[in-house]
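[1] Have a look at this prediction, sequence included:
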Amino acid sequence: MKFDTPATTNPIDQLKVIGKPTNRIDGPLKTTGLAPYAYERHDVAANQAYGYVVGSAIAKGRISSMNLDAAKAAPGVLAIVTAGTAGKLGKGNFNTAKLLGGPAIDHYHQAIALVVAETFEQARAAAALVRVEYARSKGAFELAAALDAAIKPPAVFGTEPDSSVGDFAGAFAAAPVQLDARYTTPDHSHAMMEPHASIAAWDGDKLTLWTSNQMIAWSVGDMAKTLGIPKENIRFDSPYIGGGFGGKLFNRADVLLAALGAKAARRPVKVALQRPLMINNTTHRPATIQRIRIGATADGKITAIGHESWSGDLPGGGPETAVAQTRLLYAGANRMTAMRLAVLDLPEGNAMRAPGEAPGLMALEVAVDEMAEKLGIDPIQFRVINDTQVDPEKPSRPFSQRQLNECLKTGADKFGWARRNAKPGMTRDGQWLVGTGVAAAFRNNMNAPSAARVRLDTAGVVTVETDMTDIGTGSYTIIAQTAAEMMGLPLDKIVVKLGDSAFPVSAGSGGQWGANSSTAGVYAACVKLREAVAQKLGMNPLDAVFAGGKVKAGRRSAALGDAAKDGELVAEDKMDYGDLAEKYQQSTFGAHFVEVGVHAATGEIRIRRMLAVCAAGRILNPKAARSQVIGAMTMGAGSALMEELAVDKRFGFFVNHDLAGYEVPVHADIPHQEVIFLDETDPTTSPMKAKGVGELGICGVAAAVANAVYNATGIRTRNYPITLDKLLDKLPAIA
Amino acid sequence: MQTPGDLDFSRRGVLAGGASVAAVTVVPTRASAAPTKAATAPPTAKVAFEVNGTPHALELDTRTSLLDVLREQLQLTGTKKGCDHGQCGACTVIVDGRRINSCLTLAVMHDGDKIITIEGLGTPDKMHPMQDAFVEHDGYQCGYCTPGQICSAVAVLDEIKAGIPSHVTADLTKAPKVTASELRERMSGNICRCGAYSNIIDAMTDVAGVKA
C-alpha cells in the first residue's frame, strides 16, 4: 500500500482500541521475569559455551604481539578468536570502526579477542591471561583542540552541513538586540540496562543469532557483509530488548564475536559485553561545541538566527547534527547553520536518543532564554512572537501540524507560570533558591516503509508477524491495538510476534519513527486481510463491517474465524510513502517546564517539578506514550545535571566507563512527572495519523533545567552538565 | 607531561593512566609462554539453599556468583545482569527477607539460605500485587531492570513496616512512613535507564495503600 494522499476516515478512527491507555500486553511477562532477553535463551540451542571479550588497552596504534598460550591452556577454554584467527572480515555499512580490532587499533576497548570456555567463570579467568603488547601511536582526543582542523563534512542522509537564507551576517550586525554565545555539551552514553548480548549457533553454513538489536534488517545485512556470507543464511531473533536508545541500532562486538566464537568452538556461544567495556567499546553521543547568534528587533522579532556546531568522530564518521532544529523552530528572514567535523580517536560517535536535537536544543533553548531576558520579554512570549507555521527556509511549505504555541500556553497555565518572578535569585524556600524554566521541544517526524504479515485462524485469533522491535517503547501493545481495531477484535484475540528476521521487514526502532511506521504497516496488512476475509465469506469488502469478532455486510453476519474454516488466512503488505513529507514539514512539538531548588550554601541542585506538554499527532496508547515522555524527561534531567563521559585526553578513553562513574538519574533525582498530550491528528503522516514521541520527550528538557537554575540563582551555565562546582563561587551571598 | 605517543612508560605515566592502561605494561613473555599451572579443574564446593521454596543441592565453581547460579545453572533468568558489580540493582533478590545484589555475593556463601527471586513472587497467572501494580502504572519500559525494581519494592515496603529508617527519615525515634521521598531514597540502588521512576513510585504507593 502506498500512502501518498492525506488520510481520510478509516477504521482506525473508530478509536475503540486505538487511543486507549491500555496496559502493555507484554507486561505480565516482563514483571514476572519470564520475558526472554538475548543472553537468556537457554531453550534455543543446546550446549552453549561462554565467551568473554578482551578490549584494547590503547586508543590508537597496533598490537605488536599477542600471547594466547596461558589463556589457551587455562581450564575449560575451547577457543580464542582474534583478528588473526577470524579470517577475512568485512565492515558493516553502519559501523565506523571495525568490531574486531587488530593488529590496527581504532579506539580504546575495541574488541581484540574473545575467549570461549565451558563456563563464564573459566572464560573470564582465561581472558585475564591474554597478554598483549601494543605500539601506541599519537591520537587526537580533545574536541576543543581539534577545532582548527575540523572540516565541512559530507551530507548526512541528504542534509547538507551548511544552510543559508537571506543575509545573516548583515542582518545580525544591524540587529538592535544581539546575542552571541558559546555552549558545550559533553559526550553521553546510552547506558541501557541490558548489556549488548548475543547467542550464536551455526547449522552448516546457516547462522542464527539471538540478540538484542533495534534494527533487524539493517543488522542482518551488515552481518552478511562483515562475515562475507549471503544474508539469506543469517537469521536474527530479538523479541525483547533491554533498552537501546540508539546504542543497539547496529551490530556490536558481542554479535560478531558470538558468531566467530561459535564457529571456532563448533558449538553455540553466548556473549554479553561486560559493563565496564560497554562505554568505550560501543557508540556514544558525541560532545559538541556550539555557537549561537540571534539578532532581534526591540519588540522581540528575530531578524537573524545562526547556529554552528563542532563535533568529532573517528575517520569516516559523521557529525552530531546539533543545528538541525534551528533550521525549522523559529521564524527569521536571515538564517545560517553550519556543522564542522573534527577527526578524533575516541570511541565511535553515533546516534543516541534524538541525535542532533537533544544536544542542539540544550544550547538553542538556553540562547532563546538569554535573548528573551536581554529583550525584557517573557521567554514564552518571545517564542510565541517568533512562531512560524511554515518552513522558514521555504515559506511555500507548511508544517502539517504545529501547536508549539498551544503547548507553551497550556503548560504555562498548568504549571503556574504567571506566578514566576522573572528576576533571578528572588525566590526562597528555606535554604533553597527556587527557580522555574521553560524550553521548547522539537523533533521531526520521520516515516519509514514497514511491512507486516497477519494470520487469521478458525478461533478468530489474529497473529501479527513483523521484524519490528520493542525496546520498551510499547510496540507489542500498539501493534496489537492496531490489529484489534482493524479486525474488530478485543486485544486478547491478537498475538504479536516481533524481532525475527524471518518476518516481513519493518521500520525498526529508531528516530521515533517506529510507532507510526510499524503500525501503518500493520494497517496495510490488515486492509488486505479484511479483503481476503470478505471475499472468503462472499461479502463485498467495501460493505463489510468488522466489529465484536464478527463481520457484517447488509443483513449477513459471520464470525471472523469462519473465514479461516478451510485453512488459515494469511495476508502481507507493506506501507510505502509518497511525497507528503516533502510537501509538508512533519514535526512534533512540545514544551517543558521545570522547577528546581538550588541549595543556597552548597549549590546542590534538586529538580522539584517537571511538566511536559506534547503535540505529536494521534497518541496511539496514552499510557505507553506517557512513559516514553517521562523516561525521556528523566534522561534529559541526566544530561542537564550529571551525565558526562570524562575524556582522558592523554590516553584517549572515557574514564568513567561504568554505571558508578557515569552517573545517570536514580529514583531520588526525579520528582513526580506530569505529561499532557494535546489533541492532534495528522492526516499527512499515515492512516494512523500519528507521529513519534519517544525522542520529542528529551528535546529541550536539559535547557528547561538550565533556565530554571538561572532563574533560581542568576548564574548562567553554558557548559553541561550543570554541577554544583560550576555554581559554588557565584552563588548569592548568604544573608 | 607525557604525550600519548610516548611509549617510554614512566611509573608516573602508568599511574596517571589508571589501572586499565597499566595492562599495556609488557609482561615478560617467559612467564606467559610457559604456564606453570596445569589446566586443572577449578576448585568446587557444595552448597544447598532454597530458591522460591525449592531446595537445591549444588556443587559449584567457587567463583560463581549467586546471580550466575540463578541465571545459568538454575535457568531462573528473571534476575538480570546489568553490570555484574553492584552498580545497577537489576540482580536484586530477597535472601532471608533482605534484598541484596546477587552479583555481589558468591553462591557458596548462601548455604541454608532461603532465596526469593522475581519468579517466586508471582507468575503471569497469579501475579504478586507489586507485579500487578507495575503493569497497571506502567512502571517499566524495556523491562530489564524491572524484576530487580519489583524485588526491591517489595522489600522496601517491608523495611518501612519493620521500622528501619533511611537517610531521609526526619525523626529516627518515630516509625518511618511510606512517603514518596522515603520510597525514592530507598529505591535509589535500582537504576532504570528508561526512566520509569515516577510510575514505579506510583505503583509502590498504590500497593502500600497510601496517598503519595
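    Done, it's in.

[2] So residue A:441, which state does it fall into?
    strand (DSSP: H, G, I helix; E, B strand; the rest coil).

[3] That one pairs with what?
    Beta bridges link residue A:441 to residue A:590, judged by DSSP bridges.

[4] Next, count neighbours for it.
    Residues within reach of residue A:441, counting by other C-beta atoms under 10 Å in any protein chain shown, total 36. Using the backbone N, CA and C atoms, a C-beta is placed for each residue, glycine as well.

[5] measure it to residue A:632 for me?
    Remark: distance between residue A:441 and residue A:632 (C-beta to C-beta, to the nearest Å) = 9 Å.

[6] Where does pLDDT dip in the chain?
    Using chain A here. Within chain A, the segments meeting pLDDT under 70 span A:735.

[7] hmm, I had chain B in mind actually
    B:1-39, B:211-212.

[8] As a check, name the ranges of all helices in it.
    B:11-17, B:19-22, B:29-33, B:66-68, B:118-121, B:129-136, B:146-161, B:180-186, B:197-208 (DSSP state H).

[9] give me every residue that touches the nearest residue to residue B:69 once chain neighbours are set aside.
    What sits nearest to residue B:69 in space, not counting adjacent residues and going by C-beta to C-beta, 6 or more residues apart in numbering or on different chains, is residue B:107, at 4.2 Å. Contacts for residue B:107 (C-beta atoms under 8 Å, 6 or more residues apart in numbering or on different chains) come out as B:47, B:58, B:60, B:64-66, B:68-69.

[10] let's see it at 7 Å
    Applying C-beta atoms under 7 Å, 6 or more residues apart in numbering or on different chains to residue B:107 gives the contacts B:47, B:60, B:64-66, B:69.

[11] Next: residue A:571.
    Residue A:571 is in contact with A:454, A:525, A:528-529, A:532, counting by C-beta under 7 Å, 6+ apart.

[12] Whichever residue of chain B sits closest to chain A - how many residues pack around it?
    Nearest to chain A, among the residues of chain B, is residue B:78, at 1.8 Å (C-beta to the nearest C-beta). By other C-beta under 10 Å, the residues close to residue B:78 number 26.

[13] same thing with residue A:55?
    Residues lying near residue A:55 (other C-beta under 10 Å) number 25.

[14] ok, what's across the strand from it?
    residue A:111.

[15] now the one 10 residues further on
    Using DSSP bridges, the beta-bridge partners of residue A:65 come out as residue A:133.

[16] Can you get me a residue count around it?
    Residues near residue A:65, counting by other C-beta under 10 Å, number 13.

[17] can I assume it is in contact with residue A:133?
    Yes: between residue A:65 and residue A:133 there is a contact at 4.7 Å, judged by C-beta atoms under 7 Å.

[18] Distance of the residue lying closest to residue A:107 once chain neighbours are set aside relative to residue B:98?
    Excluding the flanking residues, the one nearest residue A:107 by C-beta to C-beta, 6+ apart is residue A:347, at 4.5 Å. Residue A:347 is 39 Å from residue B:98, where distance means C-beta to C-beta.

[19] Which one's more surrounded, these two?
    residue A:347 (30 against 10).

[20] Torsion angles phi and psi at the nearest residue to residue A:718 once chain neighbours are set aside?
    Among residues not flanking residue A:718 along the chain, residue A:183 sits closest, at 4.6 Å (C-beta to C-beta, 6+ apart). For residue A:183, the backbone dihedrals (degrees, to the nearest 10) come out as phi -130, psi 150.

[21] chain center to stretch A:41-53: distance?
    Put simply, stretch A:41-53 sits 29 Å off its chain's centre (C-alpha atoms, centre = their mean, to the nearest Å).

[22] Export that stretch to PDB, keeping only CA atoms.
    Extracted in PDB, the C-alpha atoms of stretch A:41-53 (Å, rounded to 0.1, in the frame of the first residue of the first chain):
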ATOM      1  CA  ARG A  41      17.700 -18.200  25.600                       C
ATOM      2  CA  HIS A  42      18.700 -21.500  27.200                       C
ATOM      3  CA  ASP A  43      16.000 -23.200  25.200                       C
ATOM      4  CA  VAL A  44      17.100 -22.300  21.700                       C
ATOM      5  CA  ALA A  45      20.400 -24.200  21.400                       C
ATOM      6  CA  ALA A  46      21.900 -27.000  23.500                       C
ATOM      7  CA  ASN A  47      25.400 -27.000  24.900                       C
ATOM      8  CA  GLN A  48      26.000 -23.200  24.900                       C
ATOM      9  CA  ALA A  49      29.600 -22.100  25.700                       C
ATOM     10  CA  TYR A  50      30.500 -18.800  27.200                       C
ATOM     11  CA  GLY A  51      32.500 -16.000  25.500                       C
ATOM     12  CA  TYR A  52      34.400 -13.200  27.300                       C
ATOM     13  CA  VAL A  53      35.500 -10.200  25.400                       C
END
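
[23] which residues touch that stretch?
    Outside stretch A:41-53, the residues within contact range by C-beta under 7 Å, 6+ apart are A:78, A:111, A:114-120, A:123-124, A:127, A:199, A:201, A:210, A:253, A:257-258, A:261, A:265, A:267-271, A:273-274, A:277, B:75.

[24] Same question for stretch A:317-328.
    A:96, A:153, A:156, A:161, A:163, A:285-286, A:288, A:290, A:305, A:307-309, A:311, A:337-339, A:341, A:348-349, A:355-357, A:359-361, A:364, A:391-393, A:442, A:585, A:587.

[25] doesn't residue A:98 make contact with residue A:256?
    No: using C-beta under 7 Å, residue A:256 is not in contact with residue A:98, being 9.2 Å away.
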